[in-house]
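**Student:** A structural model of the following input is requested.
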Amino acid sequence: MVNGKNINMFLMEGDVTGIIKCTLLNWTGVIYKIPRLKLNSELIKNRQHFKNSGIYFLIGKSEDENLVYVGQAGNRKNGEGLFQRLTEHIKNEKMDFFNEVIVLTTDNNIFGPTELNYLENKFTEKIRAANRYKLKNQNEPNIGNVTEEKEAELCEVMNNSEMIIGSLSYRIAFILIDISIVNRW
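**Tutor:** Residues are numbered from 1 along each chain as shown. Okay, the predicted model is just below:
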């Protein structure tokens, strides 16, 4: 029997073209889909999730291809982790390509530097392997050093994230095999 999943999609502005918050039952991860023009919205600025650390995907298009940039934002002294990092990208002319942002964070702000490095690295690998989006990252993210137990946790984070992001109509990293397992053999 296949285990079903219940994804909760909250249309924060009551509109499918606005900000969407996604959660899964029994998972602390939270994913947001945000139009670029809404990044400075009060719904984002004052929300605790955007003071946390997390992974983000800047998504856009050129004339003939889909584009994505994968980044991470750690906790900052000023308490503006994800929000400050995303607003830095808005001001950067090299990042004019994106029109939507997908943000992955957690309710309990558990992503530290090790988790962020691992997730950024693995998402980047999977996006390259899936070959559906052109990756705009210029640097190869460092994988960090994770234990076997932590890697299992982070693989679950990636699987849940890919499922939710796919339900938002972005198949940026879906491939049929788990790259981290292949790399071990």
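
**Student:** show me how far the longest helix seen in the chain is from its chain's centre.
**Tutor:** Counting residues, the longest helix found in the chain (DSSP state H) is helix 148-167. Taking Cα atoms, centre = their mean, to the nearest Å, one finds helix 148-167 lying 11 Å from the centre of the chain it belongs to.

**Student:** I'd like the numbering to begin with 47 instead of 1 from here.
**Tutor:** Let's use 47 as the start, then, which means that last one is helix 194-213.

**Student:** I'd like to know which elements it is packed against.
**Tutor:** Identification of packing neighbours for helix 194-213 by 3 or more Cβ pairs under 8 Å, 6 or more residues apart in numbering; DSSP states H and E yields strand 53-57, strand 66-70, strand 75-81, strand 144-152, helix 159-176. Any C-beta I mention is one placed from the backbone N, CA and C, and that applies to glycine too.

**Student:** reformat the ones you listed as a markdown table; add distance to Val116.
**Tutor:** Shown next, in a markdown table, are those (distance: least, Cβ to Cβ, whole Å):
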| stretch | distance to Val116 |
| --- | --- |
| strand 53-57 | 22 |
| strand 66-70 | 18 |
| strand 75-81 | 14 |
| strand 144-152 | 10 |
| helix 159-176 | 5 |
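
**Student:** among the ones you listed, which comes closest to Leu104?
**Tutor:** With distances scored as Cβ to Cβ, the stretch of the helices and strands packed on helix 194-213 nearest to Leu104 is strand 144-152 (3.7 Å).

**Student:** where does the protein dip in pLDDT?
**Tutor:** The chain contains residues with pLDDT under 70 at 122-125, 219-231.

**Student:** follow-up on the earlier one: go through the helices and strands packed on helix 194-213 and name the closest to Ile136.
**Tutor:** Per Cβ to Cβ, nearest to Ile136 of the helices and strands packed on helix 194-213: strand 144-152, 9.2 Å.

**Student:** export the closest one as PDB, just CAs?
**Tutor:** C-alpha atoms of strand 144-152 as PDB (Å, rounded to 0.1, in the frame of the first residue of the first chain):
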ATOM      1  CA  PHE A 144      14.500  35.600 -11.000                       C
ATOM      2  CA  ASN A 145      10.800  36.300 -10.500                       C
ATOM      3  CA  GLU A 146       9.900  33.800  -7.800                       C
ATOM      4  CA  VAL A 147      11.600  32.500  -4.600                       C
ATOM      5  CA  ILE A 148      11.100  29.100  -2.900                       C
ATOM      6  CA  VAL A 149      12.300  29.200   0.700                       C
ATOM      7  CA  LEU A 150      13.000  26.100   2.900                       C
ATOM      8  CA  THR A 151      13.200  26.700   6.600                       C
ATOM      9  CA  THR A 152      12.000  25.100   9.800                       C
END
